[in-house]
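In: One predicted model, sequence on top.
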Amino acid sequence: MGIGESRVRGLAARAGGWSARHRWAAVGIWVLFVVLAMGLGSAAGRVDVNESDQLKGETHTAAKIIDDAGIKRPAGETVLIQSRDGAVKATDTEFRSAVTAVVDAVRATGKVTNVTSPYDTRSVSKDGRSALVQFDMRGDADTAKERVAPVLKAVDDVQKGHGSLRIEEIGGASMQKQYADAFGDDFKQAEYSAVPVALGILLIAFGALVAALLPVALAITAIMATMGLMGIVSHLQPMSDTANSVMLLVGMAVGVDYCLFYLRREREEREAGRDAATALRIAAATSGRAIIVSGVTVCVAMAGMLFTGLAEFEAMGLASLMVVAVAMVGSVTVLPALLSLLGERVEKGRIPFLRRRRRHGGNAESRFWTAVLRGVLAKPVVSVVVATGALLAVAAPALGMKTSQLTLDQEFGDKLPIVQTYNRLNEAFPGGSEPAQVVVKAKDINAPEVRQALADFKKRAIASGASRGPVDIKLHQAQNVALVSVPLVGGSDMDQATRSLEKLRDEVRPATLGKVDGVQAPITGQVAGSHDFNDQLLGSVVPVFAFVVVFAFLLMLLSFRSLTVAITSILLNLLSVGAAYGILVAVFQHGWGASLVGAQGVGAIVTWLPLFLFVILFGLSMDYHVFVVSRIREARLRGRTTRDAVQHGVVTTAGVVTSAAVIMVAVFAIFGTLSMQSMKQMGVGLAAAVLIDATVIRGVLLPAVMALLGERNWYLPRWLHRLPDLTHDEAPEAAAAPAAQDEGERLRV
């Protein structure tokens, strides 16, 4: 058997071979797929997650009652009128004049309805220095931010004529507008920056424009196709803007990574003296297979989000799963076709000052990692103890992790003027900016016992200490529904506000509305939504963790036919995730070194992030692990000792793993530069985890552990020999290595 000849099997090898032989057909099919997906998705339109589907429990029940009743809740706005120094009281003429001016000004815009004076609704603070003018925006609440600008200007004009008072507007529409104005471009800039950043790093890695453009082109087309598929799938599983952002993030990361793995291996084989066709076959059988194993593992991890029961998570999980699957398919089909078409032209656009060093024998070994590996393999026990100890120390703060939905001031600090208004409003009217809402549904809302229960609920809510009032009841008699607004004691203090909510649910409601037969009274609102979200998320942690870990273990077991490799893969990934958690808690909860990343310690990690990070990181870290272990296994199959195979596998993959990791860290770090603390937490957590994974885990712990285990790395109990064999054949040069063959039998590991 000559060099370059090999019997190959496996989906990746067959797909790559077919694509290389039918180049134009493969490219045409991919282009047609992308165009069709985008066209059909655009025609179908995207269905987004609505409020009634966001959560289960009381929040869901309340939203469903309102939807079924056809009640359209307008966007409510509030104008806080407050004495700056306390000298002017609400009873003074100047204060009353300002209230009248605000009422007249907002009415004159024609954009509002139901304008109420604080003197009619008793919305005056106990100290008499603050009052609230309240009104609703006309039209659909979802688009109110587009119509609120004239109202904001009218309020600002009134402020100019009353210097001794603060006159500030706050509400759903005004907050959304200020948020969109301040951070909409921020998000777009982050998403747009990811492409040039990735391209720049690839230019350095490959030193040629065409080679650098290929991974970016694959990632972009995979993202475009997935955006179309999201529109189609959204009619079965609603999507969201958040899911779209996560899909872009994951798609760019894996799309570039997969192409990078494939392209690097093909170039390496050509440098070793093989012809273009042989180099492609080897890349398909090795890196192509690693991509499929990695891609399926990532898809399984993303599928874990479908077990949360949370519509937003389900949308993120499905969108991420789809983009990974599309990128994986593109990497093993259209990429070999493009490489076959381009041939030597893949080196076009070479950057003069980035001339590639010619490597001999195709080893492409990294000098830096060769030196590191020499020390690690010389003292593997010390390496394992030191690296594991360091990572456990980094992970230690995670034991005290506190999760919470971030309040407006925690999310944005004092960067937005509306945050200061929010804080002043909550101080003067605790819970007033985000009251709880009791949605009461009865057979006859006007029945005497229902009316009495509503009155009793109003009194007990204040008497229990859960609210200081005013408790407002709004009847929708035609629908037999009443909406009861209850400002919660605690205001922006989520812990105290949650205790007030629990009093309403567990004490006040059972003693009043709960005694009337046929009455439903779920309690919703921001605090209730956050509380229900936390409960549901915590309930889903165990099944999601179990699903991801068990299926990842099985995939590794089938892919490498080694119980040891499967177990160590899971343990190393868990250690990597634990270290990322520790960094998050240290920086964002305790504030240690927060200023270094432009953040601040907010005392908590945003509720959704730990589970989200676990799923994303567990999937993405398999990219490197599968790629490195596959290369180690190849070297072992060619007759090297396990120790030599470990060194060869790590140092020959170091370049591509480093390039891929740098791209991921850079893309994720962009999100760490955003102004929102939740986005900073996500960006820093992902970037830190990938950095740890590509260096300490893959460069130190993995080789040290495998060196210690020796031949036990390839242990598979006899009773597991009947498992399906998803391994690939040894690389072609195995034919030239007698140690890899024994009496005509292919070495099994």
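Out: Structure's in. What do you need? Residues are numbered from 1 along each chain as shown.

In: ok, now how distant is His531 from Val49?
Out: As judged by CB to CB, to the nearest Å, His531 and Val49 stand 19 Å apart. All C-beta atoms are positioned from the backbone trio N, CA, C, and that covers glycine.

In: Apologies, that question was intended for Ser467.
Out: Ser467 is 30 Å from Val49, by CB to CB.

In: More neighbours: these two, which one.
Out: Ser467 (26 against 20; other CB atoms under 10 Å).

In: Would you enumerate the residues in contact with that one?
Out: Gly431, Ala461, Val486, Pro487, Leu488, Val489, Ser500, Leu504 (CB atoms under 8 Å, 6 or more residues apart in numbering).

In: So what sits opposite the third one in the bridge?
Out: In this structure, Val486 has the following beta-bridge partners (DSSP bridges): Ala436.

In: which ones are touching Gly514?
Out: Ala521.

In: confidence score at it?
Out: Gly514 carries a pLDDT score of 89 in this model.

In: from here on, count from 20
Out: With 20 as the first residue, the last one maps to Gly533.

In: my hunch is that it is in a strand, does that hold up?
Out: No - checked against DSSP: H, G, I helix; E, B strand; the rest coil, Gly533 lies outside a strand; its state is helix.

In: So it versus Ile586, what's the distance?
Out: For Gly533, the distance to Ile586 - CB to CB - is 52 Å.

In: Could you do Asp475 as well?
Out: 60 Å.

In: The two: which is more packed in?
Out: Asp475 (17 against 14).

In: Mind exporting the C-alpha coordinates of the helix or strand containing the more buried one to PDB?
Out: Take DSSP states H and E as the rule and Asp475 turns out to sit in helix 467-482. Taking only C-alpha atoms (Å, rounded to 0.1, in the frame of the first residue of the first chain), the coordinates of helix 467-482 have been written out as PDB:
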ATOM      1  CA  PRO A 467     -71.200  40.300  46.400                       C
ATOM      2  CA  GLU A 468     -68.800  37.600  47.700                       C
ATOM      3  CA  VAL A 469     -66.300  38.500  45.000                       C
ATOM      4  CA  ARG A 470     -66.500  42.200  45.700                       C
ATOM      5  CA  GLN A 471     -66.100  41.600  49.400                       C
ATOM      6  CA  ALA A 472     -63.100  39.300  48.800                       C
ATOM      7  CA  LEU A 473     -61.500  42.000  46.700                       C
ATOM      8  CA  ALA A 474     -62.000  44.600  49.400                       C
ATOM      9  CA  ASP A 475     -60.600  42.200  52.000                       C
ATOM     10  CA  PHE A 476     -57.600  41.500  49.900                       C
ATOM     11  CA  LYS A 477     -56.900  45.200  49.500                       C
ATOM     12  CA  LYS A 478     -57.000  45.700  53.300                       C
ATOM     13  CA  ARG A 479     -55.000  42.600  54.200                       C
ATOM     14  CA  ALA A 480     -52.300  43.300  51.600                       C
ATOM     15  CA  ILE A 481     -51.500  46.500  53.500                       C
ATOM     16  CA  ALA A 482     -52.200  45.100  57.000                       C
END
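
In: what about it, distance to the chain center?
Out: Here the centre of helix 467-482 is set off from its chain's centre by 43 Å, with CA atoms, centre = their mean, to the nearest Å.

In: what's the answer for stretch 629-647, then?
Out: With CA atoms, centre = their mean, you get 13 Å for stretch 629-647.

In: For that stretch, buried residues please.
Out: By neighbour count on 16 or more other CB atoms under 10 Å, the buried set for stretch 629-647 is 629-647.

In: packing partners for the strand or helix carrying Val546?
Out: For Val546, the enclosing helix or strand under DSSP H and E is helix 545-579. For helix 545-579, the elements it packs on are helix 76-88, helix 308-322, strand 422-423, helix 513-522, helix 582-603, helix 628-656, judged by 3 or more CB pairs under 8 Å, 6 or more residues apart in numbering; DSSP states H and E.

In: what does the second one rub up against?
Out: Counting by CB under 8 Å, 6+ apart, the neighbours of helix 308-322 from elsewhere in the structure are 29-32, 269, 273, 277, 280-281, 336-337, 339-340, 343-344, 346-347, 350-351, 566-567, 570-571, 574-575, 578, 634-635, 637-639, 641-642, 645-646, 649, 745, 747.

In: and the angle for that helix with helix 628-656?
Out: Note on geometry: by axes from the mean of the first three to the mean of the last three CA atoms, to 10 degrees, helix 308-322 and helix 628-656 are set 160 degrees apart in direction.

In: likewise the fourth one?
Out: Here helix 513-522 runs at an angle of 110 degrees relative to helix 628-656 (the same axes, to 10 degrees).

In: Now find how far off-centre helix 513-522 is within its chain.
Out: 28 Å.

In: contacts for that helix?
Out: By CB under 8 Å, 6+ apart, helix 513-522 touches 423-424, 426, 450, 455, 483-486, 507-510, 542, 544, 546-547, 549-550.

In: Quick check on those: which are buried?
Out: Buried, going by 16+ other CB under 10 Å: 423-424, 426, 450, 455, 485-486, 507-510, 542, 544, 546-547, 549-550, out of these.

In: any chance you could map the strands in this protein?
Out: Using DSSP state E, the strands of the chain run over residues 95-102, 131-135, 149-156, 184-190, 422-423, 455-460, 491-495, 500-505, 542-543, 624-625, 760-761, 764-765.

In: List the strands paired with the first one, with their directions.
Out: Taking DSSP bridges as the criterion, strand 95-102 sits next to strand 149-156 (antiparallel), strand 184-190 (antiparallel) in its sheet.

In: Sketch out the low-pLDDT regions of this protein for me.
Out: For the chain, applying pLDDT under 70 flags the ranges 20-29, 70-74, 201-210, 372-385, 432-434, 450-452, 510-512, 744-768.

In: Give me the outermost residue of it relative to its centroid.
Out: Most distant residue from the mean C-alpha position of the chain: Thr112, 52.9 Å away (CA atoms, centre = their mean).

In: hmm, back to that, and the helix holding Val546, how far out from the chain middle?
Out: The answer for helix 545-579 is 14 Å, by CA atoms, centre = their mean.

In: contacting residues around the nearest residue to Leu396 once chain neighbours are set aside?
Out: In space, and not counting its chain neighbours, Leu396 is closest to Ala726: 5.2 Å by CB to CB, 6 or more residues apart in numbering. By CB under 8 Å, 6+ apart, the residues touching Ala726 are Val395, Leu396, Pro399, Thr661, Arg662, Val665.

In: Distance of Ala726 relative to Leu358?
Out: Counting by CB to CB, the gap from Ala726 to Leu358 is 35 Å.

In: Please report the distance of the nearest residue to Glu165 once chain neighbours are set aside from Pro137.
Out: Distance criterion CB to CB, 6+ apart; nearest residue to Glu165, sequence neighbours excluded, is Lys196 at 7.9 Å. The gap separating Lys196 from Pro137 is 24 Å, by CB to CB.
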